[in-house]
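model the structure of this input:
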Amino acid sequence: MEIPTPRGVLPASYRQQPHPTIPFDRHCRACPYGKENAVGGAGPDDLTAVRLLVISDYPGHYEVQEGYPFVPKPPVYENDRRRKLRMSWANAGAALRYALGQLGLNGYDDCWLTNVLKCSPAAESGKVRETELDTCTRLWLHQEVWQLHLVNPRLPIWLAGNQALAGFRRAFKPFPKGGVNDFRRRVVYWLEHPVVVTWNPATYCRSEFRTPISHSQPNQVRPVFTDLIPLTPWEVYHRDWELLKPFITTYV
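You can find the predicted model right below:
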């Protein structure tokens, strides 16, 4: 598994410093459910370098800790008394950044990554409140997308998750109605931007199952992100984001 790393110095937004163009307040209290250290979007300091806009649902545990979206955590092999060997699932950050690498992109230098919600959901169950969604899309997502639109009016957009789709539809009209499954495997357009919709990468990672390499090695499992076993969640995820390929100018 190879996940692209930054080509040079980390952009300002990855070092928890203000982005030169797109403002964000990490201590935002615009809605009643704001938390410490909200997570804004992250990408290159020069927005003309952005080749893909990725919008997902909300930051997770690692994102809140590190201060930027889609923090990659590689799979870890651990000892287990019952199965002798256990491999933890790759997280959403690793899955997404790996996919970007397969598209010829570097997630740090070629893409703008952001979430519809800048804080984790207020409810412990993970249910998103209408107030949160309205506030974040109005204050933060709206300005992020329009700034990038002004730089590149044909920038491809990847909506990764149900809340990402719902928030984008609220902020930018007209946009067709429907859920994630209504848009998967096809390209829709908002203005001149090609838009591809998938589930959140975390959904595919949690659903992916590992199979033994052979009957003689029942405790040895296939590593994450290698074999594309037909009809497995990872293979489905792979086919979902492949639709982006024709719209991306790869880094040379």
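
any low-confidence regions in the stretch 51-200 of the chain?
For the stretch 51-200 of the chain, the stretches with pLDDT under 70 are 74-90, 122-126.

can you give me how far the helix or strand containing residue 206 is from the chain middle?
Assigned by DSSP states H and E, residue 206 falls within helix 201-207. Averaging C-alpha positions (Cα atoms, centre = their mean, to the nearest Å) puts helix 201-207 12 Å from its chain's average.

other SSEs contacting that helix?
helix 92-102, helix 233-241 (3 or more Cβ pairs under 8 Å, 6 or more residues apart in numbering; DSSP states H and E). C-beta here means a position set from N, CA and C on the backbone, and glycine is covered the same way.

buried residues, that helix. List them.
Across helix 201-207, burial judged by 16 or more other Cβ atoms under 10 Å covers 201-205.

for stretch 150-170, same thing?
Applying 16+ other Cβ under 10 Å to stretch 150-170 flags 152, 155-170 as buried.

quick revisit: output the buried residues of helix 201-207 as TSV; include the columns distance to residue 177 and pLDDT.
TSV is the format used below for those (distance: Cβ to Cβ, whole Å; pLDDT from 0 to 100):
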residue	distance to residue 177	pLDDT
201	24	90
202	25	86
203	21	85
204	24	81
205	28	78
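
between the residues you listed, which is closest to residue 244?
residue 201 (13.7 Å; Cβ to Cβ).

distance check, that closest one against residue 94.
8 Å (Cβ to Cβ, to the nearest Å).

residue 112 now?
19 Å.

then residue 48?
Using Cβ to Cβ, residue 48 is found at 28 Å from residue 94.

which of the two has more neighbours?
Neighbours per residue (other Cβ atoms under 10 Å) separate residue 48 from residue 94, with residue 94 holding more: 23 against 8.

hang on, the more buried one packs against residue 4?
No. If you go by Cβ atoms under 8 Å, residue 94 and residue 4 don't touch, sitting 11.1 Å apart.

mind listing the helices for this protein?
Taking DSSP state H, the helices of the chain run over residues 61-66, 92-102, 130-136, 142-151, 162-171, 180-183, 201-207, 233-241.

so which of those is the most surrounded?
helix 92-102 (a mean of 24; mean count of other Cβ atoms under 10 Å).
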